[in-house]
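*Asks:* predicted model and sequence follow; I will ask about them next.
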Number of protein chains: 2
Amino acid sequence: MAKAIVLVSGGLDSATVLAMALEQGLECMAVSFDYGQRHRGELECARRVCEAAGVRDHREVTIDPAPLAGSVLTGGPGEVPRPSGPGEVGEEIPPTYVPARNTIFLSMALAMAESEGASQIHIGANAVDYSGYPDCRPEYIAAFDRLASLATKAGVEGRPIRVVAPLLHLTKGEIIRAGVHLGVDYGLTSSCYDPDDREGPCGVCDACVLRAEGFKAAGAIDPLAEPCP
Amino acid sequence: MAKAIVLVSGGLDSATVLAMALEQGLECMAVSFDYGQRHRGELECARRVCEAAGVRDHREVTIDPAPLAGSVLTGGPGEVPRPSGPGEVGEEIPPTYVPARNTIFLSMALAMAESEGASQIHIGANAVDYSGYPDCRPEYIAAFDRLASLATKAGVEGRPIRVVAPLLHLTKGEIIRAGVHLGVDYGLTSSCYDPDDREGPCGVCDACVLRAEGFKAAGAIDPLAEPCP
């Protein structure tokens, strides 16, 4: 049975990726990253998603937050933007962009894959209904995949660790439909960049807007009536 | 004045890279990584190297050591190898290889570069007199440089952060000659993978052997009579 490292953030995309990898019969080790994010409640969601999926090996890796300081999600200046309407999402790189975040996550996952003998890294990057982050684009994922084969002993020995991004070209609606079909409980996930401890998701940040549009497009109801505590 | 992030390990290669970057008139921010390495004394050497070079901004970034566990340098099984002679160095990837180490270091440096407005990352990777690590080869450095331009907002906006590896094609003798010329005090550096607190460098690991050969080839005396405490 092939082994995969699956990046699980606690959001809906990565919960879907995990379900897809398990459906393929892969042995999945999940990893979540604590990088001092404003929306740290997602780590608790990641734990619940992994538990519900029956993943026994879920690691939480701490990332020193200082190098990532240039974003509103990591204590940088400014506020999480509140688009006035869905049309504004994704037109330029927003202040919620975290410098080199996926590169750091994938590099840690690459080390884990090599240490643990996994041959694949699964990530929920998406380049359709997304916030316009450069490190979610197909050309970025392809470049990291190439880097991974050059960077590692496994790659030199002809066993490159592959980066798999199954959501890359799906719409948010298609992602949610696939997840619902696989039995993902989206009530365990969290998407909001700026949740309130008592009120839950803000409903107006990019992530909330994209999530709401996705459920609408999928013809599904978002079970997230209550915030993930 | 262009700004550069310089990776400073406490070893002789990166001390030379720092001197070269300063000689070019770059504004240098140094970064060292604490990844639970066996030879953690090198971090104290990194501090001294930066201080001697007059670098005012030297950051120490902690890397969660768990994902890097597959190496004898990070608590993995086995011993630091003791080659019986110099000819044995570099013939295959040794157990001192740390999974994805340079990818993790460069990804953290990339985040710092973008957060701090630096346009370059300088690294002391060397593919001539080296231990055979895959992530020190020219094709690896080129792949990360390409990744960096795709990964970042700076790259998308036409200001890609470049990876500079000035030692890539130099022999250890050439590196040391260049450093001596620039006034690097190699007595502040540490190379040994397995130093003894009291005895200092072991003298027989790959790193010690490469260092000794380099000083011999450069026609210079290694000032490291006493270990860096």
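*Replies:* Cool, got the structure. Residues are numbered from 1 along each chain as shown, chains lettered A, B, ... in the order given.

*Asks:* could you list the low-pLDDT ranges of chain A?
*Replies:* A:83-91, A:225-229 (pLDDT under 70).

*Asks:* try 90 this time
*Replies:* Along chain A, segments meeting pLDDT under 90 span A:1, A:36-41, A:69-96, A:128-132, A:192-207, A:224-229.

*Asks:* all strands of it, in order?
*Replies:* Listed in chain order, the strands of chain A (DSSP state E) span A:3-7, A:27-34, A:57-62, A:120-122, A:162-164.

*Asks:* want to try CSV for these, with distance to B:Ser149 and mean neighbour count as columns?
*Replies:* Every residue, glycine included, has its C-beta placed from N, CA and C. Listed next are the strands of chain A as CSV, based on distance: least, CB to CB, whole Å; neighbours: other CB atoms under 10 Å in any protein chain shown:
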stretch, distance to B:Ser149, mean neighbour count
strand A:3-7, 23, 25
strand A:27-34, 23, 21
strand A:57-62, 26, 17
strand A:120-122, 21, 23
strand A:162-164, 18, 19
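
*Asks:* between those, which gets nearest to B:Arg38?
*Replies:* strand A:57-62 (20.4 Å; CB to CB).

*Asks:* the closest one relative to strand A:3-7, how many degrees between them?
*Replies:* On the basis of axes from the mean of the first three to the mean of the last three CA atoms, to 10 degrees, strand A:57-62 is oriented at 40 degrees to strand A:3-7.

*Asks:* strand A:57-62 near chain B at all?
*Replies:* Yes: using CB under 8 Å from any CB of the partner chain, we find that strand A:57-62 touches chain B at A:Arg59, A:Val61, A:Thr62.

*Asks:* what lines up beside that strand in the sheet?
*Replies:* strand A:27-34 (parallel) (DSSP bridges).

*Asks:* and A:Pro223, how many neighbours?
*Replies:* Look at A:Pro223: counted by other CB atoms under 10 Å in any protein chain shown, it has 12 neighbours.

*Asks:* identify the residues contacting it.
*Replies:* If you count contacts by CB atoms under 8 Å, 6 or more residues apart in numbering or on different chains, A:Pro223 has them with A:Asp185, A:Tyr186, A:Gly187.

*Asks:* leaving out sequence neighbours, find the closest residue to the last one.
*Replies:* The shortest distance from A:Gly187 to any residue other than its chain neighbours is 3.6 Å, reached at A:Pro223 (CB to CB, 6 or more residues apart in numbering or on different chains).

*Asks:* before we move on, the earlier item: redo the strands of chain A as a markdown table? Include distance to A:Gly76.
*Replies:* Output for those, formatted as a markdown table (distance: least, CB to CB, whole Å):
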| stretch | distance to A:Gly76 |
| --- | --- |
| strand A:3-7 | 23 |
| strand A:27-34 | 17 |
| strand A:57-62 | 19 |
| strand A:120-122 | 27 |
| strand A:162-164 | 27 |
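
*Asks:* I'd say A:Arg162 and A:Asp145 touch.
*Replies:* Yes: using CB atoms under 8 Å, A:Arg162 makes contact with A:Asp145 at a distance of 6.2 Å.

*Asks:* so A:Leu73 sits against A:Val80, correct?
*Replies:* Yes: applying CB under 8 Å, one finds A:Leu73 in contact with A:Val80, separated by 7.4 Å.

*Asks:* which neighbours do these two share?
*Replies:* By CB under 8 Å, 6+ apart, the residues touching both A:Leu73 and A:Val80 are A:Arg38, A:Thr96, A:Tyr193.

*Asks:* and of the residues you listed, the nearest to chain B?
*Replies:* The nearest member of the shared contacts of A:Leu73 and A:Val80 to chain B, counting by CB to the nearest CB, is A:Thr96 at 11.4 Å.

*Asks:* the longest helix seen in chain A - contacts with which helices or strands?
*Replies:* Longest helix of chain A, by residue count under DSSP state H: helix A:101-116. When contacts are defined as 3 or more CB pairs under 8 Å, 6 or more residues apart in numbering or on different chains; DSSP states H and E, helix A:101-116 packs onto strand A:3-7, strand A:27-34, strand A:57-62, strand A:120-122, helix A:138-151, helix A:153-156, helix B:101-116, helix B:138-151.

*Asks:* could you redo the last one with a cut-off of 7 Å?
*Replies:* When contacts are defined as 3 or more CB pairs under 7 Å, 6 or more residues apart in numbering or on different chains; DSSP states H and E, helix A:101-116 packs onto strand A:3-7, strand A:27-34, strand A:120-122, helix A:138-151, helix B:101-116.

*Asks:* right, I'll call it a day here.
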